[in-house]
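>>> missing the sequence, but the structure's below:
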């Protein structure tokens, strides 16, 4: 059984909500329009987002309900209570390994995008190392402090994203939306699968629910935290198609950043809005990478409780850095991301969902 947490180690509903929203809205938002436009036609991709988002909300409800049913208990503790201790070790280990790979992917992605748009002459390995060191510094500090950082960064990111949408209103071409409803159901399903990967991240509720000051609000916070990216993805996709067209969107590596380039700033006093957009967006990517590494370490804490935080960081950080540079080019990185997403979906979402069904079937309660 976990020890009672002090007030300074607990989080409120808003902190969990913003953490989940930030976790989902990271690198995925930079490539989401491209992935959907490649499988759907014109503006039909919004249907894929609605389908994927609805499934994501249903799954986050299941996972948050599972976590909230065992207040103040860690993922390892309630999984062990439901399915036995060996299963608890196995699922917690898979959770940790999945987030290790997820952290490596985030690290490589931010290094690639940063080199492409900001530091084109700087070696990508150095960019990745510098970013990794900052992430390590953040994770070594207070876990609750890291989660509360989302409340500081997320409103800023949201404001810049809203500004980019408003500045592009005059550039939207309604002809890019026509004709509508011309994509067959296979294309919609493929688009939903592609956009579904951009919703990954809400499963951190399984790890952070034990920090909730009011566990009964876990489900509400998790669902609201998923609904924010849900709505953002739909609006962003429609605007991107309206500005760039679906054909151009499907061919661009990072259509969201290219979309920000089209922003028309009144008075032309700011010519490279995309630089501001991406610089601010790094805040969200930083929080996502830091939380991914933190979740990886939090999972390991249940398996190797005697290892100190510094020891785990010293072991995991070089491993993550090396894995992140295994892909040699953008094509390999995309394939790497797809494999990680499938593995992550199975280990961190579907398996816990089955555990939820088992808990209901066996009527397992926190008190045993």
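The structure has been received and is ready for your questions. Computed from a predicted model, the values in this text were never measured in an experiment.

>>> So for stretch 340-356, mean pLDDT?
Confidence for stretch 340-356, expressed as mean pLDDT, is 89.

>>> next one: stretch 182-195
88.

>>> cool, stretch 295-314 as well?
Stretch 295-314 comes out at a mean pLDDT of 89.

>>> what bits of the stretch 1-150 of the chain have low per-residue confidence?
1-8, 27 (pLDDT under 70).

>>> Let me see the ranges of the helices in it.
With DSSP state H, counting those that start in this stretch, the ranges of helices along the stretch 1-150 of the chain come out as 13-24, 28-37, 45-68, 75-83, 85-117, 124-140, 143-167.

>>> With adjacent residues omitted, what lies nearest to residue 177?
Leaving out its chain neighbours, the residue that sits closest to residue 177 by C-beta to C-beta, 6 or more residues apart in numbering is residue 43, at 4.1 Å. Every C-beta, even on glycine, is put in place using the N, C-alpha and C of the backbone.

>>> And the helices of the stretch 1-150 of the chain: which comes nearest residue 180?
Closest to residue 180 of those is helix 45-68 (C-beta to C-beta; 9.7 Å).

>>> between the helices of the stretch 1-150 of the chain, which gets nearest to residue 302?
helix 75-83 (3.5 Å).

>>> Quick one: list the elements packing against that closest one.
Here helix 75-83 touches helix 45-68, helix 85-117, helix 273-303, helix 351-362, going by 3 or more C-beta pairs under 8 Å, 6 or more residues apart in numbering; DSSP states H and E.

>>> Minimum distance to residue 160: which of those helices has it?
Between residue 160 and these, the tightest spacing by C-beta to C-beta is seen for helix 273-303, at 4.5 Å.

>>> Any idea how far that closest one is from the middle of the chain?
8 Å (C-alpha atoms, centre = their mean, to the nearest Å).

>>> got it, and stretch 194-214?
For stretch 194-214, the distance to the chain centre is 9 Å (C-alpha atoms, centre = their mean).

>>> next one: stretch 306-314
From the chain centre to the centre of stretch 306-314 is a distance of 25 Å (C-alpha atoms, centre = their mean).

>>> Provide the contact partners of that stretch at residue level.
For stretch 306-314, contacts defined as C-beta atoms under 8 Å, 6 or more residues apart in numbering pick out 136, 139-140, 297, 300-301, 304.

>>> you'd agree residue 223 is up against residue 60?
Yes - between residue 223 and residue 60 there is a contact under C-beta atoms under 8 Å: 6.0 Å.

>>> the more surrounded of those two?
residue 60 (25 against 21; other C-beta atoms under 10 Å).

>>> Could you pull up the contacting residues of the more buried one?
20, 202-203, 205, 222-223, 225-226.

>>> Now stretch 119-131: buried residues?
124, 127-128, 131 (16 or more other C-beta atoms under 10 Å).

>>> Please report how far residue 192 lies from residue 313.
37 Å (C-beta to C-beta, to the nearest Å).

>>> Please say which of these two ends up with more neighbours.
Counted by other C-beta under 10 Å, residue 192 and residue 313 do not tie: residue 192 has more neighbours, with 22 against 17.

>>> Just to check, the more buried one is in contact with residue 45?
No - taking contacts as C-beta under 8 Å, residue 192 lies outside contact range of residue 45: 9.5 Å.

>>> farthest pair in the buried residues of stretch 119-131?
So, these by C-beta to C-beta: farthest apart are 124 and 131, at 10.5 Å.

>>> Now for these two: what residues contact both?
Common neighbours of residue 124 and residue 131 (C-beta under 8 Å, 6+ apart) are residue 111.

>>> about what we covered before: select, out of the helices of the stretch 1-150 of the chain, the one closest to residue 256.
helix 28-37 (4.9 Å).

>>> Give me the angle between the closest one and helix 85-117.
Angle of helix 28-37 versus helix 85-117, following axes from the mean of the first three to the mean of the last three C-alpha atoms, to 10 degrees, is 90 degrees.

>>> So which residues make contact with helix 28-37?
45, 48-49, 113, 191, 194-195, 197-200, 229, 232-233, 236-237, 240-241, 246-247, 249-257, 259, 281.

>>> Also stretch 343-354?
Contacts for stretch 343-354 (C-beta under 8 Å, 6+ apart): 59, 62-63, 66, 79, 91, 94-95, 97-99, 101-102, 196-197, 200, 203, 206.

>>> please redo it, this time with the cut-off set to 7 Å
With C-beta atoms under 7 Å, 6 or more residues apart in numbering as the test, stretch 343-354 has contacts from 59, 62-63, 66, 91, 94-95, 98, 102, 200, 203, 206.
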